[in-house]
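Colleague: Coordinates only, no sequence provided:
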């Protein structure tokens, strides 16, 4: 890691946590499997028009990586999410992300944490948490363009919070559909659950 890409983990650009209900039993859900098999179109349906593309690759040492391209406020963000935890009920993804701002390119760290907890009544609570930290490069970039850290953090918090509120119920609906479809497939129906055009015809009810 170069000095410029060093993560300043004691500084927070944003922190947002949202929840939504999944109507499926815990044993049917596999967030890690869902995340690494999420089709591009399904990803785009989860936060229109912000989500632009999703793909999957690995790091040089073979760790799974999810590539997400999305708009966060006025920035086009390329997320290089490395799977540090990829369990059925919990995924922890960490990215040093490239951000195209109106002033040019810079970098931030983004931590995406996805988890479910059993409510004991046949439903689950899905939690979608996104935290971002600046890099040394990000601070120098903003100083060069006369943008204070406080202003940058306020803008990022507002944009990330809005984005998270919109994507969380859609992610939960997608995880639910895949879980129920795989359960039906195991019972012999063969429904994949990823080709139905999105939540409720592509326009889910937000919670």
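Modeller: That came in fine, so what should we check first? Since the structure is predicted, the reported quantities are computational estimates derived from the model, not experimental observations.

Colleague: Can you identify each of the helices in this protein by residue range?
Modeller: 31-36, 40-45, 136-144, 149-186 (DSSP state H).

Colleague: CSV for the ones you listed, including mean neighbour count?
Modeller: C-beta here means a position set from N, CA and C on the backbone, and glycine is covered the same way. Listed next are the helices of the chain as CSV, based on neighbours: other Cβ atoms under 10 Å:
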stretch, mean neighbour count
helix 31-36, 20
helix 40-45, 19
helix 136-144, 17
helix 149-186, 19
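
Colleague: Which one, of these, ends up nearest to residue 13?
Modeller: Ranking the helices of the chain by proximity to residue 13 (Cβ to Cβ) places helix 149-186 first, at 4.4 Å.

Colleague: which helices and strands sit right next to the closest one?
Modeller: When contacts are defined as 3 or more Cβ pairs under 8 Å, 6 or more residues apart in numbering; DSSP states H and E, helix 149-186 packs onto strand 14-22, helix 31-36, helix 40-45, strand 64-72, strand 124-134, helix 136-144.

Colleague: For the ones you listed, give me TSV that also has mean pLDDT.
Modeller: Formatted as TSV, those follow (pLDDT from 0 to 100):
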stretch	mean pLDDT
strand 14-22	98
helix 31-36	96
helix 40-45	98
strand 64-72	97
strand 124-134	98
helix 136-144	97
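
Colleague: Kindly reformat these as a markdown table containing distance to residue 110.
Modeller: Below are the helices and strands packed on helix 149-186 laid out as a markdown table (distance: least, Cβ to Cβ, whole Å):
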| stretch | distance to residue 110 |
| --- | --- |
| strand 14-22 | 9 |
| helix 31-36 | 15 |
| helix 40-45 | 16 |
| strand 64-72 | 9 |
| strand 124-134 | 5 |
| helix 136-144 | 12 |
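
Colleague: Which one of those lies nearest to residue 86?
Modeller: Across those, closest to residue 86 is helix 31-36 (Cβ to Cβ), at 3.7 Å.

Colleague: For the helices of the chain, give me CSV that also has distance to residue 98.
Modeller: Shown next, in CSV, are these (distance: least, Cβ to Cβ, whole Å):
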stretch, distance to residue 98
helix 31-36, 20
helix 40-45, 18
helix 136-144, 10
helix 149-186, 15
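
Colleague: Name the stretch from those that approaches residue 103 most closely.
Modeller: Closest to residue 103 of these, according to Cβ to Cβ: helix 136-144, at 7.4 Å.
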